[in-house]
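A.B. asks: dropping a prediction and its sequence here:
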Amino acid sequence: MEKKKILIIHTGGTIGMVPTENGFAPKPGVLLEELKNIRDLSSPDMPGWDLIEFEPLLDSTNIRYEQWNSIADAIALYYDKYDGFVVLHGTDTLAYSASALSFMLEGLDKPVVFTGAQIPLCQLRSDGRDNLITSMMIAADGVIREVSLCFGDSILRGNRAIKYSADGMMAFTSPNFNRLGDAGITIEYNHASINEYEKTGLHSGPLNIVKLKESRIAVIKIVPGIQFDIFEPIMLESLDGLVLETFGKGNIPDYDPALSRLISEASRYGTIVVVCTQCPAGTVSLGTYKAGSALVEAGAVSGGNMTTEAVITKLTYLLSKGLPKEEIRRLMQDDLRGELTK
């Protein structure tokens, strides 16, 4: 049987960083030298691999839509040459990038696995080695033909993941959807969760890249005692989208009618208002409580049980397609890539 071949796309992040006088920072060429020292990568049980490195390498806090477009371009350019792709990425915004690529890569029929590390490869106890090797094996297996995230023992749907811990090696979790697999002594796939995506037929057709465009999206987290009028300059500033992180199932305080008024005005200006819950697990159900009914009346739409990361990137994707606003409002409530439980 012909050996599978994987392309590793190095965007930056902790996995390839080195210590400097100002703290850890990415350095070109370092990752390739570290990979040459990992004997397991030349094992006959491992797929063949090549590495491309972005210029400049970025701390993931600096990731923007331009970098998401570059990752998509690299996958499209080499799509026919490789059996799967592993994207090395900083952990801080990894869930955002995995979510974004899940929407951008229309017709994807090969594995794209995001991973990274909490400790650089050049340091003792780095988790990067195992994360990389496991991700490469997942990419070569070809079982999960969508955008996934592999970190520690978790294999997660990319647009269902959130960063859960800043310190732990099991840094990511998927609060509203089962894992796609577990990386223990062996890699065990959760075929029920994988097949749920397969049934959608999203793999059909050739790969098509939707390039993202800059969008003006604001996120407001509702807190006790919030004074809504201070957000008026933001909300009426020709926003493309507004994401509200509300209490519970989509509840807001009703002691001040200013928010519903502002949302109504923003909606009239064409702003897409999407409601998320601050709870890691659970779903928004607008109108279940009186405290949330004002959002429905003001024209907001439910984000269901999507992560904030998925809501933001999905909204950016739909805006970039240039769809009518009412169509975007409808599609935000539809399951496009397994990001939402209907």
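C.D. replies: Now that the structure is in, tell me what you want to look at. Not measured: the values here are computed from a predicted model.

A.B. asks: for Lys249, which residues are in contact?
C.D. replies: The neighbours of Lys249, taking C-beta atoms under 8 Å, 6 or more residues apart in numbering as the test, are Thr277, Gly282, Thr283, Val284, Ser285, Leu286, Thr288, Tyr289, Gly292. Yep, even glycine has a C-beta here, placed from its N, CA and C like the rest.

A.B. asks: and the gap between the residue of the chain most remote from its centre and Ile226?
C.D. replies: For the chain, the residue at maximal distance from the C-alpha centroid (C-alpha atoms, centre = their mean) is Tyr255, at 35.1 Å. Between Tyr255 and Ile226 the computed distance is 10 Å (C-beta to C-beta, to the nearest Å).

A.B. asks: for Tyr164, same thing?
C.D. replies: For Tyr164, the distance to Ile226 - C-beta to C-beta - is 26 Å.

A.B. asks: what is the neighbour count of the residue nearest to Tyr82 when sequence neighbours are not counted?
C.D. replies: Using C-beta to C-beta, 6 or more residues apart in numbering and skipping residues adjacent in sequence, the residue nearest Tyr82 is Leu7, 4.4 Å away. By the criterion of other C-beta atoms under 10 Å, Leu7 has 22 neighbours.

A.B. asks: how long is stretch 135-155 end to end?
C.D. replies: Taking C-alpha to C-alpha, to the nearest Å, the first and last residues of stretch 135-155 lie 9 Å apart.

A.B. asks: what mean pLDDT does that stretch have?
C.D. replies: Taken as a whole, stretch 135-155 has a mean pLDDT of 97.

A.B. asks: okay, and the residue most central in space within the chain sits in which element?
C.D. replies: The C-alpha lying nearest the average C-alpha coordinate of the chain belongs to Ser99 (C-alpha atoms, centre = their mean; 2.5 Å). Using DSSP states H and E, Ser99 maps to helix 94-104.

A.B. asks: residues contacting the helix or strand following that helix, please?
C.D. replies: As assigned by DSSP H and E, the chain's next helix or strand after helix 94-104 is strand 105-106. With contacts defined as C-beta under 8 Å, 6+ apart, strand 105-106 is touched by Ala72, Ile75, Val112, Val147, Gly205, Leu207, Asn208, Ile209, Val210.

A.B. asks: the closest residue to the second one other than its chain neighbours in helix, strand or coil?
C.D. replies: If I follow you right, that is Ile75. Excluding the flanking residues, the one nearest Ile75 by C-beta to C-beta, 6+ apart is Phe85, at 5.5 Å. With DSSP: H, G, I helix; E, B strand; the rest coil as the basis, the three-state label of Phe85 is strand.

A.B. asks: contacts only, for Phe85.
C.D. replies: Ile6, Leu7, Ile8, Ile9, Ile75, Tyr78, Lys110, Pro111, Val112, Val113, Ala139.

A.B. asks: am I right that the fourth one is in a strand?
C.D. replies: Yes - counting by three-state DSSP, one finds Ile9 located in a strand.

A.B. asks: helix or strand next in line after the top strand by length along the chain, which one?
C.D. replies: Longest strand in the chain, counting residues (DSSP state E): strand 48-58. Later in the chain than strand 48-58, the nearest helix or strand by DSSP H and E is helix 65-77.

A.B. asks: chain center to that next one: distance?
C.D. replies: 14 Å (C-alpha atoms, centre = their mean, to the nearest Å).

A.B. asks: average pLDDT for it?
C.D. replies: 97.

A.B. asks: next one: stretch 20-31
C.D. replies: 88.

A.B. asks: check stretch 238-252 too.
C.D. replies: Rounded mean pLDDT across stretch 238-252 is 91.

A.B. asks: what about that stretch, start to end distance?
C.D. replies: 23 Å.

A.B. asks: now swap in stretch 120-135 and tell me
C.D. replies: End to end - C-alpha to C-alpha - stretch 120-135 spans 16 Å.

A.B. asks: let me see the ranges of the strands in the stretch 201-342 of the chain.
C.D. replies: 208-209, 217-221, 241-246, 272-277, 301-302 (DSSP state E, counting those that start in this stretch).

A.B. asks: tabulate these in CSV, adding columns for mean neighbour count.
C.D. replies: Converted to CSV, those look like this (neighbours: other C-beta atoms under 10 Å):
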stretch, mean neighbour count
strand 208-209, 14
strand 217-221, 15
strand 241-246, 22
strand 272-277, 25
strand 301-302, 22
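
A.B. asks: do you know which of those strands lies nearest Asn190?
C.D. replies: strand 272-277 (24.7 Å; C-beta to C-beta).

A.B. asks: the closest one pairs with which strands?
C.D. replies: Partners of strand 272-277 in the sheet, by DSSP bridges, are strand 241-246 (parallel), strand 301-302 (parallel).

A.B. asks: quick one: average confidence on that strand?
C.D. replies: The average of the pLDDT scores along strand 272-277 is 95.

A.B. asks: kindly export that strand (C-alpha atoms) in CSV.
C.D. replies: This file holds the C-alpha atoms of strand 272-277, laid out as CSV (Å, rounded to 0.1, in the frame of the first residue of the first chain):
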residue,chain,number,x,y,z
ILE,A,272,-27.1,41.1,12.4
VAL,A,273,-27.6,40.6,16.2
VAL,A,274,-26.9,37.0,17.5
VAL,A,275,-27.5,35.9,21.0
CYS,A,276,-25.1,33.4,22.7
THR,A,277,-25.1,32.1,26.3
